[in-house]
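Engineer: only geometry, no sequence info:
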């Protein structure tokens, strides 16, 4: 009874040894790195001579469209000036000046960065100086009789202006208001969005994490020889 048991144990050990060695050699073969072939350089074709360009006809000049003036309603009276609206995004404006006072007035456009009450003033003439450092007369609507409306169209550079009545004493009395001509603020270019780069991931043999390629599976070999020795011992017991 004991002899047969030892024989079975020996045969089982030898079968396990063969299976373990077979698995060990398969794992060793699977862990070997697969050589990757480097891409062969693609042949570059020599550029073919480009045909000489034919002469391009000169473009025909076209007349630019006439800008449409922006209407600005200006009201003057003793002793104030108001503009509606008080600014224009475009440079060409049409000032429609309504004199609602009892006196004759005028409208002078002063290009300046000064405050409304800070123009250089001629105290002798009792008028604002119409051409001085930091201030310049760039247009007028003159002789506006009481109860009438007069208009004028002007092409103004972007900037700050004062609309005043410069008849003697009227500017100092308060006939002045600010007016602005400007352009739309430039739109900032969008910052580039970085493109995420996918990291290359090497999967293992069965889709898991990558396995380190080790050397020869010595542990498996030693265990196999141990089982072979046990099987041989059992076989000798069976032979007795």
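Structural biologist: Structure's in. What do you need? Note that the coordinates shown come from a computational prediction; the quantities given were computed from them, not determined experimentally.
Engineer: my guess is residue 140 contacts residue 105. True?
Structural biologist: No: look at residue 140 against residue 105 with Cβ atoms under 8 Å: they stay out of range, at 11.3 Å. Using the backbone N, CA and C atoms, a C-beta is placed for each residue, glycine as well.
Engineer: which of the two has more residues huddled nearby?
Structural biologist: For the pair residue 140 and residue 105, the greater number of neighbours falls to residue 105 (24 against 16), based on other Cβ atoms under 10 Å.
Engineer: how about the more buried one: which residues does it bridge to?
Structural biologist: Under DSSP bridges, the beta-bridge partners of residue 105 are residue 144.
Engineer: let me know the pLDDT of it.
Structural biologist: Model confidence at residue 105, given as pLDDT, is 96.
Engineer: surely it and residue 167 touch.
Structural biologist: Yes: checked against Cβ under 8 Å, the pair residue 105 and residue 167 is within contact range at 6.4 Å.
Engineer: what do these two both touch?
Structural biologist: Contact with both residue 105 and residue 167 is made by no residue, according to Cβ atoms under 8 Å, 6 or more residues apart in numbering.
Engineer: so what's the closest residue to residue 119 other than its chain neighbours up against?
Structural biologist: Nearest residue to residue 119 in three dimensions, chain neighbours excluded: residue 128, at 4.3 Å (Cβ to Cβ, 6 or more residues apart in numbering). When contacts are counted by Cβ under 8 Å, 6+ apart, residue 128 touches 108, 110, 119-122, 135, 164, 166, 171.
Engineer: got those as a markdown table, with pLDDT and distance to residue 89 columns?
Structural biologist: As requested, the contacts of residue 128 are exported to a markdown table (pLDDT from 0 to 100; distance: Cβ to Cβ, whole Å):
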| residue | pLDDT | distance to residue 89 |
| --- | --- | --- |
| 108 | 97 | 23 |
| 110 | 96 | 21 |
| 119 | 95 | 25 |
| 120 | 95 | 29 |
| 121 | 95 | 32 |
| 122 | 95 | 34 |
| 135 | 96 | 24 |
| 164 | 96 | 23 |
| 166 | 95 | 27 |
| 171 | 96 | 28 |
